[in-house]
Each structure stands twice: as structure tokens, then as C-alpha cells.
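[1] next comes the sequence, and after it the predicted model I'd like to discuss.
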Amino acid sequence: MENKNERKYLRERLSIFVDGNNMFYAQQKNGWFFDPRRVLDYFTKDPNVQLINAFWYTGLKDSQDQRGFRDALISLGYTVRTKILKEYYDDSSGRYSQKANLDIEIVVDMFNTVEQYDRVILFSGDGDFERAIELLRSKNTHITVVSTEGMIARELRNATDRYIDLNDIRSSIEKNDY
């Protein structure tokens, strides 16, 4: 079985993992949204890059929530992973909030497909990914994290090979409503 170091002369194999809920809040904070198709185009414009997998993770209010969006993602080639939102009570604020934590699903997919790629693009600012990123890097995987200032955990930024702020690539990935 060939190892990743023996593959240098071949096309670089890329997998993209999008923490949809985390990115929704990052985009909301920035005041603009990215286009999932343009994301794929942007990261695969180099002819030496071969997209192996693109995963999108999102929480749902119910099984029909975001149906059109999920279908569109699938038609673009994304594997979509979902989880129903759970309601939590926050003692400090006295409010209920909803959350669907898909961190485990993201990490499982990263490690389940690790032999298929050389490079990962992770769209998330969640510091919970720090240890997984460190382990992937120890397997000669190049990790790029895409997030936005004020929403990326210091631990995650320090663990990654490269950090890209969403605003720095806005012109290439922003959703254009024609």
C-alpha cells in the first residue's frame, strides 16, 4: 500500500468538511453568505487538486427542515449529515436554546476516510476539533481551517497548518443572488 509521501507526483487529494451550523453563525456575523458550489470551485481550481469528498453537517428542526437546501447540496456532490436539534435550558440566561452537535460525526468521517485524502479543508471555528487536527497532521495530512475572526478558537487556529478567514476569500465564494 502506498503512503502519502510516495504520492507527491500525483494529484493532491482533497476532502472538505463543513460544520454547517458553525458556519451559519460565522456568515451571519459577517453579514454575507457563501455559495456551496463556489466553495467547491474555489478549492479545486488548481488542476493538480482532486476533490475526493465534500461533507456538510447540519442540525434540523424536523426531518423536512432545509429539504431543498439539502437536496441542492447533494446535487453538488456533498455528502450531507444531519441531526435533529435538541432543546437545552441555559441556567445562566434562563433561556432555552437549540443545538445539534455534529462534532463526533465530523471527526468520525475525517478518520474513516483518512487514507483517501492528503489535504483537508475544515469549515469551523470550534476548538473541540483541536485534538483531531493534531492527530490528522501526524498522519502527514495538511489541514486548512476556514472560519472568521472572533469565531475561531485559539486552540484550533494553533493546531492547523493554515488558517483562512472567510472575509479574505469572500469575492471568490460569496453567494450571488441573480
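    Perfect, I can see it now. Numbering: from 1, shown residues only.

[2] show me what the longest strand anywhere in the chain is in contact with.
    For the chain, the strand with the greatest residue count under DSSP state E is strand 49-60. Counting by CB atoms under 8 Å, 6 or more residues apart in numbering, the neighbours of strand 49-60 from elsewhere in the structure are 11-21, 36, 40, 43-44, 66, 70, 73, 76-85, 98-100, 102, 105-106, 109, 113, 116-117, 119. C-betas here are computed from N, CA, C, even on glycine.

[3] low-confidence ranges, this protein, go.
    Per-residue confidence of the chain (counting by pLDDT under 70) places the weak regions at 1-9, 178.

[4] how about the helices of it, start to end?
    When assigned using DSSP state H, the helices of the chain occupy the ranges 20-30, 36-43, 67-76, 103-112, 130-138, 154-159, 170-173.

[5] now these in TSV, with mean neighbour count and distance to F55?
    Below are those laid out as TSV (neighbours: other CB atoms under 10 Å; distance: least, CB to CB, whole Å):
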stretch	mean neighbour count	distance to F55
helix 20-30	18	10
helix 36-43	18	11
helix 67-76	13	10
helix 103-112	16	6
helix 130-138	16	14
helix 154-159	16	18
helix 170-173	14	17
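
[6] what's the closest of these to V145?
    Comparing the helices of the chain by their distance to V145 (CB to CB), the top pick is helix 154-159, with 6.0 Å.

[7] packing partners for the closest one?
    Taking 3 or more CB pairs under 8 Å, 6 or more residues apart in numbering; DSSP states H and E as contact, the helices and strands that helix 154-159 lies on are helix 130-138, strand 142-147.

[8] got those as TSV, with distance to S171 columns?
    As requested, the helices and strands packed on helix 154-159 are exported to TSV (distance: least, CB to CB, whole Å):
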stretch	distance to S171
helix 130-138	27
strand 142-147	15
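
[9] returning to what we had before: what subset of the contacts of strand 49-60 is buried?
    Burial by neighbour count, 16 or more other CB atoms under 10 Å: within the contacts of strand 49-60 this picks out 13-21, 36, 40, 43, 66, 70, 73, 78, 80-83, 85, 100, 102, 105-106, 109, 113, 117, 119.

[10] out of the helices and strands packed on helix 154-159, which gets nearest to W32?
    Taking CB to CB as the measure, these were each checked against W32, and strand 142-147 came out nearest at 14.2 Å.

[11] just the CA coordinates of the closest one, formatted as CSV?
    Taking C-alpha atoms only, strand 142-147 is exported to CSV below (Å, rounded to 0.1, in the frame of the first residue of the first chain):
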residue,chain,number,x,y,z
HIS,A,142,-2.3,19.1,5.5
ILE,A,143,-5.1,20.9,7.4
THR,A,144,-6.6,24.2,6.5
VAL,A,145,-9.3,25.7,8.7
VAL,A,146,-11.7,28.3,7.3
SER,A,147,-13.6,30.5,9.8
